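Enquirer: Generate a structure from the sequence data that follows.
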Amino acid sequence: MGFLTLRRRTAFLGTALLGVGFAAMAVPGAGPALAETPAKVKAERPRSPYASYLVGRAAQAGGDWSSAATHLTAALAHDPDNVPLMRRTFLLHLGNGDTTEAVKLAARLREKQADSFLAASLLVAEDLARGRAADAAARLDALPKDGLGKYVTPLLTAWTKVALGDTAAALEALQALDGGSGFKALGHLQAALILDMKGDVNAAAERYALALEGTRPLRLVQLTADFMRRQGELETARDLYRDFLIDFPDNLLATHELARLDTAKAGGPPLVDTPAEGLAEALFDVAAALQGEGAQDMALLYGRIALHLRPDQPLTQLLVGEALMGRERHAEALAVFRSVSGGPAATWTPRLREADALRRLGRQEEARKLLEAMAAERPERTDALARLGDMHRMAGRDAEAIAAYDAALGRVGGGTVRPHWVLHYARAMALDGAKRWPEAEAALKAALALNPDNPHVLNYLGYSWVDRGERLEEGKDLIARALEQRPDDGHIVDSMGWAAFRLGDYATAIRYLERAVELRPLDPVINDHLGDAYWAAGRMTEARFQWRRAAQHADDPAMRQTVERKLEQGLTLPKTAASGTQAGVAAGAASGGTNAAP
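Expert: Numbering: from 1, shown residues only. As a prediction, this is how the structure comes out:
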């Protein structure tokens, strides 16, 4: 088939951060707090305030928040009444986890009567952490009631009222969350925690039950199961973890908690025992919701406030690390992952993510040793081996990747149940990269047998057949099934266009491929495909324009060379099914890439 474009195929397929918080909420006002760019800016400490400001802004634009905070703090020292600069510096310190400095800046913003909801949230959290309930209460009236404040303000209010000893007012504040499905469940959980803390067992049980009616993230399961254990309802607690493990069978922390119930006894304090801890739980769930909406900056900032209140909460630490990874701040994420405590079960997923961070930092050998050690620690698990295979595959070490995937499948009897589809799929990509297509095809069919409607597997297998000039109609049907599920996925739209091209239906091909370019305008494979379709339709000028874009953005030297040859010589069209001859077998010669999306 066409040249292997690893960037298109190499989504990381190891264990993800799954089911930890209320991540399915629709969150308004959750746009980025600060600009995001992956580059790292390194600069010497400037000598003038203006230089400090410029270097700080450049560092922020480059994603280096630590340097940005240092330089903008220096600039602010020379212009202490500059509110926009103060607000920006506050956000940078909070994002870095420097809550001591962030609290100071939040207080200065409050003195300036500057509108900063995050600053107000941090000050309320700080008051509750220090036992200053009256001070926290005095801040409530100034909190916004719209945007994100519509959801966060009731949480801040409720836990402040608990700190004041007014349970009824706390529950009344939470009624504002009844309007949204995801936040309604969060409101029920917070009410349950409040009632549980106050010893109202029956009312708490009702609220825990209501919270469980929707999705059941791990933290909700942990809190509810702990409540049931304390009431002596051990079997109910076990059932909660068993149900969770049906959806997340590889979650080691849930497996560990389930096993602990075998020796557990009734009684004891709740997991959330103070207003500060309660607010930490609430803000963790807000951060998880924001992360689920793709608002990594805001997730990071609220996660930092939650950690300020409860710095040893493993799931919050993991969430903050994930947010940092999402912003490509891998060194800082590595430090967070390594800081997670709580025993082997709690640190397992952070260690997997530590390996990811090491890989992204170019420290492949350290990542390899860590994953191999983890695989040896738990010979019953496949996730470390899967991660190891992914790392090798993305580096183009297909033989090593295949060996890792084979070892993982060997631990689960060849992978015969639904969760193992991803191992077959990843192995197929490695086999394909190693030019072992018959084995790759078999692995894709194995993945599809376990997960028949997975759009990625459907697209990969369908596109591979089409691109190789094999089973064109069947391949097109698989792609169509994938497209029904993901109509705005540029890779899959491109696959449908390429199938039409291979079948000789150039008008349909152009329609799909133009849509694919709209969705992914700088993808060289899609640009190349559209160029081929334009050429076949006699639109030579437009074809060359797309080929030039493909050559400009191609990472693969072989693909670039193929596209440049087309720019010089044009395209010799393959025979197609539409012409009444054998379906084109020279797809690799016609186009220079692959469209198998992750």
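Enquirer: Could you use CA atoms for every contact and neighbour count after this?
Expert: Will do.
Enquirer: give the contact list for the closest residue to residue 268 other than its chain neighbours.
Expert: With Cα to Cα, 6 or more residues apart in numbering as the measure, residue 230 is the residue that lies nearest to residue 268, at 6.3 Å, once sequence neighbours are left out. Listed by Cα atoms under 8 Å, 6 or more residues apart in numbering, the contact partners of residue 230 are 265-268, 270.
Enquirer: which of those count as buried?
Expert: Among the contacts of residue 230, none is buried by neighbour count (16 or more other Cα atoms under 10 Å).
Enquirer: pLDDT at the residue nearest to residue 268, what is it?
Expert: The predicted local confidence for residue 230 comes out at a pLDDT of 97.
Enquirer: ditto for the one 4 residues further on
Expert: Reading off the confidence values, residue 234 has pLDDT 97.
Enquirer: With residue 206 instead?
Expert: As summarised for this prediction, residue 206 has a pLDDT of 97.
Enquirer: circling back to that earlier point, which single one of the contacts of residue 230 is nearest to residue 118?
Expert: residue 270 (28.6 Å; Cα to Cα).
Enquirer: helix, strand or coil for that closest one?
Expert: What DSSP: H, G, I helix; E, B strand; the rest coil gives for residue 270 is coil.
Enquirer: what's the spacing between it and residue 192?
Expert: 11 Å (Cα to Cα, to the nearest Å).
Enquirer: Grab the two from the contacts of residue 230 that are most spread out in space.
Expert: Of all pairs drawn from the contacts of residue 230, the one with the largest separation by Cα to Cα is 265 and 270; the distance is 13.2 Å.
Enquirer: Helix or strand with the lowest mean pLDDT in this structure?
Expert: Comparing every helix and strand of the chain by mean pLDDT, DSSP states H and E singles out helix 6-9 as the least confident one, with a mean of 30.
Enquirer: CA atoms only for the helix or strand following that one, dumped as CSV, please.
Expert: Taking DSSP states H and E as the definition, the helix or strand that follows helix 6-9 towards the C-terminus is helix 49-61. What follows is helix 49-61, C-alpha atoms only, in CSV (Å, rounded to 0.1, in the frame of the first residue of the first chain):
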residue,chain,number,x,y,z
PRO,A,49,10.8,46.0,33.4
TYR,A,50,9.8,46.2,29.7
ALA,A,51,12.2,43.4,28.8
SER,A,52,10.8,41.4,31.7
TYR,A,53,7.3,41.8,30.3
LEU,A,54,8.3,41.0,26.7
VAL,A,55,10.3,37.9,27.7
GLY,A,56,7.5,36.8,30.0
ARG,A,57,4.9,37.1,27.2
ALA,A,58,7.2,35.2,24.9
ALA,A,59,7.7,32.5,27.4
GLN,A,60,3.9,32.2,28.0
ALA,A,61,3.3,32.0,24.2
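Enquirer: just checking, next helix/strand downstream of helix 49-61?
Expert: Immediately after helix 49-61, counting by DSSP H and E, sits helix 65-78.
Enquirer: Can you give the contact residues for that next one?
Expert: The contact list for helix 65-78 (Cα under 8 Å, 6+ apart) reads 41-42, 45-46, 49-50, 52-53, 55-60, 82, 85-86, 89, 92-93, 95-96.
Enquirer: Now restrict those residues to buried residues only.
Expert: Among the contacts of helix 65-78, the ones that count as buried by 16+ other Cα under 10 Å are 41, 46, 49, 52-53, 55-60, 85-86, 89, 92-93, 95-96.
Enquirer: how far away is residue 232 from residue 267?
Expert: Between residue 232 and residue 267 the computed distance is 7 Å (Cα to Cα).
Enquirer: List the buried residues of stretch 538-551.
Expert: The neighbour-count check on stretch 538-551 (16+ other Cα under 10 Å) flags 540, 542-551 as buried.
Enquirer: Give me the subset of those residues lying in helices.
Expert: Within the buried residues of stretch 538-551, residues falling in helices by DSSP state H are 540, 542-551.
Enquirer: I'd guessed residue 320 sits against residue 304; true?
Expert: Yes - judged on Cα atoms under 8 Å, residue 320 makes contact with residue 304 at a distance of 7.0 Å.
Enquirer: Between these two, which is the more surrounded one?
Expert: It is residue 320, of residue 320 and residue 304, that has more neighbours when counted by other Cα atoms under 10 Å, with 31 against 28.
Enquirer: Give me the pLDDT value at the closest residue to residue 540 other than its chain neighbours.
Expert: For residue 540, the nearest residue in space outside its immediate sequence neighbours is residue 534; the separation is 6.5 Å by Cα to Cα, 6+ apart. What the model reports as pLDDT for residue 534 is 97.
Enquirer: Could you measure from residue 534 over to residue 528?
Expert: 10 Å.
Enquirer: These two: which has the busier surroundings?
Expert: Neighbours were counted for residue 534 and for residue 528 using other Cα under 10 Å; residue 528 has more, 31 against 23.
Enquirer: Alright, calling it a day.
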